[in-house]
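**Q** Structure for this input, please:
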Amino acid sequence: MLEAVAEKAPLKTEGPAVHLEGSLFSPDFLDFLSEKDCPGQRPEDFGFPRGTSLLEEIARVYQDAKFDWQRFREALERLPEDDPATSLTRDRWVIPFLSLLGYELARNPRAYEIDGETFAISHRAGENEDAPPVHIAGARQELGRRAPGGPRLSPHALVQEFLNRTEHLWGIVTNGLVLRVLRKSPAVRRQAYLEFDLQTLFEADRFEDFVILFRLLHRSRLPKGVDDAPECLLEQYHRQSVDLGNRARDRLRDGVLEALKILGNGLLAHPKNERLREKVRTGELPPAKFYQELLRLVYRFLFLLTAEERGILGGNELYRRGYSLTRLRRLADNPRFFNEHSDLWLSLRVVWHVLRDPSPKAEGKPLASLLDLPVLNGELFTLNPLEEDTFLENRVLLQAVQHLSYFYDPESRVRRRVNYAFLDVEELGSVYESLLEFQPAIRLEQEPSEFDLLEGTERKSTGSYYTPHELVQELVKSALEPVLSERLRAARTKEEKERAILSLKVIDPATGSGHFLLAAARRLGKELAKIRTGEEEPSPEALREAVRDVITHCLYGVDKTPLAVELCKVALWIEGHTLG
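**A** Residues are numbered from 1 along each chain as shown. Have a look, this model is predicted:
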C-alpha cells in the first residue's frame, strides 16, 4: 500500500476548524467579515436578491453541505484501504460542495507546462482559460506530502509553485477533508495560507466557522481571471488584513511600554517589597539594571503569550486553567478580579520556577512535567531579582496584561485584541530594540515610589540599531547565497547536498534580537526542504522540519547585550517549533 494513502482515521471533532498560517489574513479580519462595514458582504454581493437574509442563506447551504458530507464519508469508509479515493472525493464531495459556494468548476484536459515542467492542476474555477486554479486530491492523499511513485509535487506544493510561476494570484487545494486557500508568495518568509478543516467543521457542527468559509470563499470573492485578480474581493481582504496587522504591530510597542511602567511602579509600591526597594536605594539594583530585569519579565509574558497561542508550548488542563497567560488575559476582561491580593503574581512565579528547574522532583521528572511543560534552559527564565520574594497586586498585574492584550485602532476607533500567533517573531525583537532608546528613572523619595521611562540615547551608546527587513534580505543575498551555491555545486547526491547545507556555520557577531539569523534559517531551511522533497515549493510541514534542523545545526549569534541574545534564542525556538 502506498505510504501516502492513509488508513481509516477516527472522526475528528476537536480542535480548530479554521487555521491561519503566516500573514495571509489576520484573525481580527476574520471577525471583521461579519461587520456591516466590511465590503462585499451584502446579500446581493453573493448573487442573492436584495433584502434576503444572508445568514439564512448560509444556513441553508450548510445543511445541504452536511448532507453531502455524510454521504461522502459513508462511501469513503466502504472503499478499500489502498484506494486513494480521488474520484470519490472529486465527484461525490468536492465538486458538489464547491457548487454550493457558487463555483462551476472546469476540468483541465491536460497539465500546464512552464519552462519544461508540468503542473497537473485538476480544475479551474470557471470555463475561461485563466480562471483561478482549483486542485482536488483524493481524501487519502495528504496535502503536504508526495505519494511515493506519484507526481513530483505534493498537492500543496503543486498549487503554490504554479501560483509563484504564473500570473495567477489565488488558488485552492483540497483533499475533501482539508481545504487550503493559497496566494502567490515568492518571498522566502513564513509560508502563508488559510486552512479549513472540513471534517471538523461538519462533524462538530461548527456553523460559525462555516460562515467564515462562505463569506471568504464564495466564488464571488475570487477573480474571474488574471486581469481582475488585483482588485478581486479576496485580494482586497488580504490588503485590509495586512493593513490591520501593521497597525497592530505599530501599537504593540505602546502596549509593552505601558506594561513596563505599570509593573515597575507596582513592584516598587507594594508594601511587602521593602527588600526590593532597599536594593534600588543602595545601588545593588541601579535603574538601568532594574529596567533590564523588567524587560526580561515582560518578555516572559510575550514569549508565553506567543507560544500558547501558537500551540507550541504544551501544557495540560491544570496549566491552562490555573497558570497560563491565556487565563490571565481572560481574567483581565473581568473587573471583579482587579483586587489587592497577589495570588496571580505568585502563580506566575510558580510557572517561571518550573520552566527553569530541570532537577528531578516529581517521580524522577522535573516539576514542569506536572504541567506538561518543557524545561527551558535559558537566561529569560533564570531567577530575576524582581520576582525573588516579591509581591504584586492582582489589579496591577491585570492592568499590565490588558496593555499587552489589546490596542486601540484609531482608524476603526475600536479596541482590538493582539493576536500573538499572527505576529512574525521579528516583531517581538523589533519592539525590544525600540525600547532601548528609553532611560529609566526611579524616585524612591516620594510616596508612592515612582518608576518612569524617558526618551534617551541608549541605542546609540550601546551600538544597538534595528536592521530593516529589506537590508536583512540583501545581506542574505550577498553574504549567504554565494556560499550556499558553492557548497551545493560541489555536492552530487541528494545526501551530499543535505550534508552540505547542515555543515554550514552562519554566525552573526552583532545578532541583536536575531533578524539576520531568522532570515538565514528560512533561506537555508527552504533549500534543505527542496532537496529533501524534490519540490520547488515544499509543503509547510516539510519546511518547518527543515528550518528546525538548520536552527539546530547551523546558526550562531553573539551580542554584547545578554538579553538580546536570549531574545534571539527565543525567536529561533518559536520559529523552529510546530503547532502542538
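
**Q** Every contact and neighbour count from this point should use C-alpha atoms.
**A** Will do.

**Q** show me where pLDDT drops low in the chain?
**A** The model of the chain has pLDDT under 70 over residues 1-15, 186-190, 456-467, 578-580.

**Q** Any buried residues in the biggest helix by length in it, and which?
**A** Longest helix of the chain, by residue count under DSSP state H: helix 233-269. Along helix 233-269, these residues count as buried under the neighbour rule (16 or more other C-alpha atoms under 10 Å): 233-238, 240-242, 244-245, 247-249, 251-269.

**Q** following that helix, which helix or strand shows up next?
**A** helix 274-282 (DSSP states H and E).

**Q** Can you give the distance from that next one to the centre of its chain?
**A** Distance, stretch centre to chain centre, for helix 274-282: 41 Å (C-alpha atoms, centre = their mean, to the nearest Å).

**Q** same check, this time on stretch 238-246
**A** On the basis of C-alpha atoms, centre = their mean, stretch 238-246 sits 15 Å off its chain's mean C-alpha point.

**Q** How are the strands of the stretch 401-550 of the chain distributed by residue range?
**A** Per DSSP state E, counting those that start in this stretch, the stretch 401-550 of the chain carries strands over the ranges 406-409, 414-417, 438-443, 450-455, 506-508.

**Q** So residue 520 is in contact with residue 475, correct?
**A** No: the pair residue 520 / residue 475 is not scored as a contact, 9.4 Å apart, by C-alpha atoms under 8 Å.

**Q** For stretch 365-381, measure first residue to last.
**A** 19 Å (C-alpha to C-alpha, to the nearest Å).

**Q** How is the protein divided into domains?
**A** According to automatic domain parsing, the chain comprises the domains 18-231, 244-434, 469-560.

**Q** could these be laid out in TSV, adding distance to residue 451?
**A** Output for the domains of the chain, formatted as TSV (distance: least, C-alpha to C-alpha, whole Å):
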stretch	distance to residue 451
domain 18-231	34
domain 244-434	5
domain 469-560	25
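
**Q** Identify the residue spatially nearest to residue 309, adjacent ones excluded.
**A** Closest residue to residue 309 apart from its sequence neighbours, by C-alpha to C-alpha, 6 or more residues apart in numbering: residue 421 at 5.1 Å.

**Q** Likewise for residue 29?
**A** Residue 29 sits nearest to residue 241 (C-alpha to C-alpha, 6+ apart), 5.6 Å away.

**Q** same thing with residue 40?
**A** residue 233 (7.0 Å).

**Q** which ones are touching that neighbour?
**A** Applying C-alpha atoms under 8 Å, 6 or more residues apart in numbering, we find residue 233 in contact with 40, 220-223.

**Q** Let me have these in JSON lines, extended by secondary structure.
**A** Formatted as JSON lines, the contacts of residue 233 follow (DSSP: H, G, I helix; E, B strand; the rest coil):
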{"residue": "40", "secondary structure": "coil"}
{"residue": "220", "secondary structure": "helix"}
{"residue": "221", "secondary structure": "helix"}
{"residue": "222", "secondary structure": "coil"}
{"residue": "223", "secondary structure": "coil"}
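
**Q** with these in mind, which one is nearest to residue 328?
**A** residue 40 (36.6 Å; C-alpha to C-alpha).

**Q** State the phi and psi torsions of that closest one.
**A** Main-chain dihedrals, residue 40, degrees, to the nearest 10: phi 80, psi 20.

**Q** Quick one: neighbours of it, just the number.
**A** Neighbour count of residue 40, defined by other C-alpha atoms under 10 Å: 19.

**Q** In this model residue 138 seems to touch residue 87, though I could be wrong.
**A** Yes: if you go by C-alpha under 8 Å, residue 87 and residue 138 touch, sitting 7.1 Å apart.

**Q** Could you check which of those two is surrounded by more residues?
**A** residue 138 (22 against 14).

**Q** Now the more buried one. Nearest residue, chain neighbours left out?
**A** residue 86 (3.6 Å).

**Q** what residues are up against that neighbour?
**A** Residues counted as contacts of residue 86 (C-alpha under 8 Å, 6+ apart) are 136-139.

**Q** Over to residue 263?
**A** 294, 396-397, 400.

**Q** For the helix or strand hosting residue 200, buried residues please.
**A** According to DSSP H and E, residue 200 maps onto helix 198-203. By neighbour count on 16+ other C-alpha under 10 Å, the buried set for helix 198-203 is 198-202.

**Q** For the stretch 451-580 of the chain, which segments count as helices?
**A** 458-462, 469-475, 481-490, 494-502, 515-533, 540-554, 562-575 (DSSP state H, counting those that start in this stretch).

**Q** Put together a markdown table for those, with mean neighbour count and distance to residue 438 on each row.
**A** Shown next, in a markdown table, are the helices of the stretch 451-580 of the chain (neighbours: other C-alpha atoms under 10 Å; distance: least, C-alpha to C-alpha, whole Å):
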| stretch | mean neighbour count | distance to residue 438 |
| --- | --- | --- |
| helix 458-462 | 13 | 7 |
| helix 469-475 | 14 | 23 |
| helix 481-490 | 13 | 37 |
| helix 494-502 | 17 | 40 |
| helix 515-533 | 23 | 21 |
| helix 540-554 | 20 | 32 |
| helix 562-575 | 22 | 16 |
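
**Q** For residue 63, which of those is the nearest?
**A** helix 540-554 (32.0 Å).

**Q** Show me what that closest one packs onto, helices and strands only.
**A** helix 494-502, helix 515-533, helix 562-575 (3 or more C-alpha pairs under 8 Å, 6 or more residues apart in numbering; DSSP states H and E).

**Q** Could you export those as CSV, including distance to residue 554?
**A** Below are these laid out as CSV (distance: least, C-alpha to C-alpha, whole Å):
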stretch, distance to residue 554
helix 494-502, 6
helix 515-533, 8
helix 562-575, 12
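
**Q** Can you check which of those helices gets nearest to residue 227?
**A** Judging the helices and strands packed on helix 540-554 by C-alpha to C-alpha, what sits closest to residue 227 is helix 515-533, at 30.4 Å.

**Q** now that closest one, how far from the centre of its chain.
**A** 17 Å.

**Q** Convert that helix to PDB, retaining C-alpha atoms only.
**A** C-alpha atoms of helix 515-533 as PDB (Å, rounded to 0.1, in the frame of the first residue of the first chain):
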ATOM      1  CA  HIS A 515      16.700  39.300  12.400                       C
ATOM      2  CA  PHE A 516      19.500  38.000  10.200                       C
ATOM      3  CA  LEU A 517      19.700  34.600  11.800                       C
ATOM      4  CA  LEU A 518      15.900  34.200  11.300                       C
ATOM      5  CA  ALA A 519      16.200  35.100   7.700                       C
ATOM      6  CA  ALA A 520      19.200  32.700   7.300                       C
ATOM      7  CA  ALA A 521      17.200  29.900   8.900                       C
ATOM      8  CA  ARG A 522      14.300  30.400   6.500                       C
ATOM      9  CA  ARG A 523      16.600  30.600   3.400                       C
ATOM     10  CA  LEU A 524      18.700  27.500   4.300                       C
ATOM     11  CA  GLY A 525      15.600  25.700   5.600                       C
ATOM     12  CA  LYS A 526      13.700  26.200   2.300                       C
ATOM     13  CA  GLU A 527      16.700  24.900   0.300                       C
ATOM     14  CA  LEU A 528      17.000  21.900   2.600                       C
ATOM     15  CA  ALA A 529      13.300  21.200   2.200                       C
ATOM     16  CA  LYS A 530      13.600  21.500  -1.600                       C
ATOM     17  CA  ILE A 531      16.400  18.900  -1.600                       C
ATOM     18  CA  ARG A 532      14.500  16.500   0.700                       C
ATOM     19  CA  THR A 533      11.200  16.700  -1.100                       C
END
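
**Q** before we move on, back to that, residue 366 is nearest to which of the helices and strands packed on helix 540-554?
**A** Of the helices and strands packed on helix 540-554, nearest to residue 366 by C-alpha to C-alpha is helix 562-575, at 20.3 Å.

**Q** Take the contacts of residue 233 and write them to a markdown table, including distance to residue 283.
**A** What follows is the contacts of residue 233, written out as a markdown table (distance: C-alpha to C-alpha, whole Å):
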| residue | distance to residue 283 |
| --- | --- |
| 40 | 61 |
| 220 | 66 |
| 221 | 62 |
| 222 | 63 |
| 223 | 65 |
